[in-house]
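Novice: Please find the sequence and the predicted model below.
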Amino acid sequence: MTDSHAPRRRNAREDDSTPLLSVTDLRTVIRTAEGPLHAVDGVSFSVRPGETVCIVGESGSGKSITCRSVTRLLPSAAEIVGGELTLGERSLRALPPEELESIRGDRIAHVFQNPQRSLDPVYPVGEQITETIRIHTATPSEEARRRALTLLRRVGIPRAHERIDDYPHEFSGGMQQRVAVAIALAGEPEILVADEPTTAVDATVQARLIELFRSLTDEGTALLLVTHDLRIVSALADRVLVMYAGTVVERGPVERVFDRPLHPYTQALFRSYDATADRESAPPRRTIPADGCRFRPACPHAVERCAGGDQPTFQGHGTDHEVSCVHFEPDADATAVLADARRSSPGRAMEPRRDGEGTQDEGSEGPEGPGAMGEPE
Ligand code: SF4
């Protein structure tokens with residue numbers, strides 16, 4: 001673990017400031033040939049100014065679709081069918097497209113896993129950043145170009161003054177990602193939504209991006225981050241959401257979730273985490289029940305009351321640390337389920353069972369289907 005991955009000192013975000021982004025009971029459906037897929041099913045969370053909230057979970061858990069619902073940059077087959085999204089005082093869900101367009105890049109910006117989605121191949125990168133600065137901050141063109149150069153340096157583009165007029169195809173994938181981050185920051189957004197922004201970059205650039213994100217949040221920018229890399233979660237997150245099959249199963253301050261994961265799925269996820277895992281392996285096909293606890297076909301602790309009805313109610317364990325599991329009781333020894341799970345063989349909790357009411361192919365979250373466990377969505 002490099003210094004850049006060292007856990008950040010947390011205290012500034014542990015305040016009662018009003019949430020900048022509030023997501024309440026978000027439901028997003030993807031139309032597939034087999035019928036509607038409930039990719040995001042009743043997800044709620046908030047992000048405060050200067051706070052970093054990380055979403056973790058295996059491929060197909062709904063992490064990316066949650067983020068894309070927030071910025072309303074969904075694939076054409078996907079649709080938000082319920083819930084509320086609020087940025088400050090404004091409902092993002094109710095905004096007409098032209099107003100949403102003016103807010104995107106200005107108050108909220110999205111960094112895609114694939115940087116090519118953010119880059120226009122026919123314009124030099126400097127021009128794309130300059131244009132974004134001018135649109136969102138009404139800055140004169142000379143000053144905007146100076147700021148574009150500063151941004152390119154800030155995201156770690158070497159010899160930025162020489163590269164500013166290069167086209168996207170003249171950059172490596174890692175450098176394209178850095179340029180995409182620069183474009184996202186050009187409008188000085190209040191919140192950055194970043195989906196696996198460090199996946200395509202080497203360790204040095206990853207460290208630089210981590211430092212950049214830290215400095216942004218120290219300056220007050222909020223960060224909603226999807227990553228499969230638990231080292232990055234540890235280095236950046238103030239709070240963590242653990243998602244499984246479109247639902248949040250555990251949420252809380254990062255140090256509490258890491259120190260004491262309460263949900264059997266979180267425990268399995270942490271246990272199976274391996275930074276050097278083969279990310280090309282085929283995704284498992286898993287049975288996903290349509291009601292009750294979605295994890296029960298794979299859960300070694302499942303009992304009758306885990307089935308049917310709604311998702312198990314969230315139970316709290318200390319400040320803000322909550323878990324959706326019928327076994328958890330706030331006053332009970334929270335290590336009981338964890339210890340039980342540890343006695344199970346590694347991977348036991350991830351095995352599929354075929355007797356549920358519905359199925360979800362782990363690679364079928366959407367048209368841009370995700371891959372294997374641990375692979376970014
Ligand atoms: S014990 Fe039941 S509610 Fe808890 S994770 Fe397992 S299946 Fe879900």
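Specialist: Arrived safely, thanks for sending.

Novice: Tell me where the protein has strands.
Specialist: With strands called from DSSP state E, the chain shows them at 21-32, 35-47, 52-56, 78-87, 90-91, 108-111, 191-195, 222-226, 239-244, 247-253, 285-287, 314-316, 322-324, 359-361.

Novice: Pipe these into a markdown table and attach mean neighbour count per row.
Specialist: Where you see a C-beta, it was placed from the backbone N, CA and C, and this is true even at glycine. Below are the strands of the chain laid out as a markdown table (neighbours: other Cβ atoms under 10 Å):
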| stretch | mean neighbour count |
| --- | --- |
| strand 21-32 | 19 |
| strand 35-47 | 20 |
| strand 52-56 | 26 |
| strand 78-87 | 18 |
| strand 90-91 | 12 |
| strand 108-111 | 25 |
| strand 191-195 | 24 |
| strand 222-226 | 25 |
| strand 239-244 | 25 |
| strand 247-253 | 25 |
| strand 285-287 | 18 |
| strand 314-316 | 15 |
| strand 322-324 | 25 |
| strand 359-361 | 19 |
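
Novice: Which among these is found nearest to Leu262?
Specialist: Nearest to Leu262 among the strands of the chain is strand 322-324 (4.0 Å), distances taken as Cβ to Cβ.

Novice: What distance do you get for the nearest residue to His263 once chain neighbours are set aside to the ligand?
Specialist: Leaving aside its chain neighbours, His263 sits nearest to Glu250 (4.2 Å; criterion: Cβ to Cβ, 6 or more residues apart in numbering). The gap separating Glu250 from the ligand is 10 Å, by Cβ to the nearest ligand atom, to the nearest Å.

Novice: Next: Gly246.
Specialist: As judged by Cβ to the nearest ligand atom, Gly246 and the ligand stand 14 Å apart.

Novice: which residues does that residue contact?
Specialist: For Gly246, the contacting residues are His38, Ala39, Val40, Asp41, Val43, Ser61, Gly62, Arg294, by Cβ atoms under 8 Å, 6 or more residues apart in numbering.

Novice: Would you mind putting the strands of the chain into a markdown table with mean pLDDT alongside?
Specialist: As requested, the strands of the chain are exported to a markdown table (pLDDT from 0 to 100):
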| stretch | mean pLDDT |
| --- | --- |
| strand 21-32 | 96 |
| strand 35-47 | 94 |
| strand 52-56 | 97 |
| strand 78-87 | 96 |
| strand 90-91 | 91 |
| strand 108-111 | 94 |
| strand 191-195 | 96 |
| strand 222-226 | 97 |
| strand 239-244 | 96 |
| strand 247-253 | 96 |
| strand 285-287 | 56 |
| strand 314-316 | 87 |
| strand 322-324 | 94 |
| strand 359-361 | 37 |
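
Novice: To Tyr273, which of those strands lies closest?
Specialist: When those are compared by Cβ to Cβ, strand 52-56 sits nearest Tyr273, at 9.3 Å.

Novice: Next, the angle strand 247-253 makes with the closest one.
Specialist: Using axes from the mean of the first three to the mean of the last three Cα atoms, to 10 degrees, one finds that strand 52-56 and strand 247-253 are set 140 degrees apart in direction.

Novice: hang on, the earlier thing: residues in contact with the residue nearest to His263?
Specialist: Val240, Leu241, Val242, Val257, Pro261, Leu262, His263, Tyr265, Thr266, Glu322, Val323, Ser324.

Novice: Ok, Asp41 next?
Specialist: With Cβ under 8 Å, 6+ apart, Asp41 has these contacts: Arg27, Gly62, Ala245, Gly246, Thr247, Gln311.

Novice: before we move on, back to that, bridge partners for the residue nearest to His263, pull those for me.
Specialist: Val242, Val323 (DSSP bridges).

Novice: where exactly do the helices run in the stretch 201-350 of the chain?
Specialist: Remark: helices assigned in the stretch 201-350 of the chain by DSSP state H, counting those that start in this stretch are 203-218, 230-236, 254-259, 264-272, 335-343.

Novice: can you redo the ones you listed as TSV with mean pLDDT?
Specialist: Formatted as TSV, those follow (pLDDT from 0 to 100):
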stretch	mean pLDDT
helix 203-218	90
helix 230-236	93
helix 254-259	93
helix 264-272	91
helix 335-343	47
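
Novice: I'd assumed Leu225 was in contact with Thr52.
Specialist: Yes: counting by Cβ atoms under 8 Å, Thr52 touches Leu225, with 6.2 Å between them.

Novice: Mind listing the shared neighbours of those two?
Specialist: Common neighbours of Thr52 and Leu225 (Cβ under 8 Å, 6+ apart) are Phe213, Leu236, Ala237.

Novice: Neighbour count and distance to the ligand added to the residues you listed, as JSON lines?
Specialist: Listed next are these as JSON lines, based on neighbours: other Cβ atoms under 10 Å; distance: Cβ to the nearest ligand atom, whole Å:
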{"residue": "Phe213", "neighbour count": "23", "distance to the ligand": "32"}
{"residue": "Leu236", "neighbour count": "26", "distance to the ligand": "27"}
{"residue": "Ala237", "neighbour count": "28", "distance to the ligand": "22"}
